[in-house]
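# Predicted model, plus sequence, below.
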Amino acid sequence: MGQKGSSGLSRAVSAYGIVGFVRFLEGYYLVLITKRRKMADIGGHSIYKIEDTNMIYIPNDSVRVTHPDEARYVRIFQNVDLSSNFYFSYSYDLSHSLQYNLTLLHSPCDPGTVEEVHTRSSRQQDSFDIFEDEGLPTQGQTAPALSHSP
């Protein structure tokens, strides 16, 4: 922290990934993975456990009123222990089963076929994809997929 580079910039924080953004009353907070531990390899894909996180406030110039409950909401959110059984991978989708992921890996490389396999298995599982209606890609995710085990 506070490490100077030749450009005059200093490093604020080092992170392994982004958990997401959370908003309370005054603005947004960026939740970063600041410590991780490698737990497993699945077919050459590394699986990590979140060991520690950091919240960074992102100031919002349009919000000029400070809310007395903001600090309380932040404390409540920080009571959620993300280092307790939260896992992620940069290249393996933890939100699907091993069987599903292996089916996608062994299917032909034609994108239409992969989408067909995805659609067919979604119908078989009688589930839905929350990103499907938003027009967001559901395959080939670039952000780490998070998983929580009870």
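Everything's here; your move.
# pLDDT (mean, whole number) over stretch 40-54?
The average pLDDT within stretch 40-54 is 91.
# List the buried residues for that stretch?
47-50, 53-54 (16 or more other Cβ atoms under 10 Å). All C-beta atoms are positioned from the backbone trio N, CA, C, and that covers glycine.
# Can you lay out those as CSV showing secondary structure?
Listed next are the buried residues of stretch 40-54 as CSV, based on DSSP: H, G, I helix; E, B strand; the rest coil:
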residue, secondary structure
47, strand
48, strand
49, strand
50, strand
53, strand
54, strand
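# Which of those residues sits closest to residue 7?
residue 54 (23.1 Å; Cβ to Cβ).
# Contacts only, for that closest one.
Residue 54 makes contact with 13, 15, 31-32, 34 under the criterion Cβ atoms under 8 Å, 6 or more residues apart in numbering.
# quick one: which of those has the most company?
Using other Cβ atoms under 10 Å as the neighbour test, the contacts of residue 54 are led by residue 31, with 21 neighbours.
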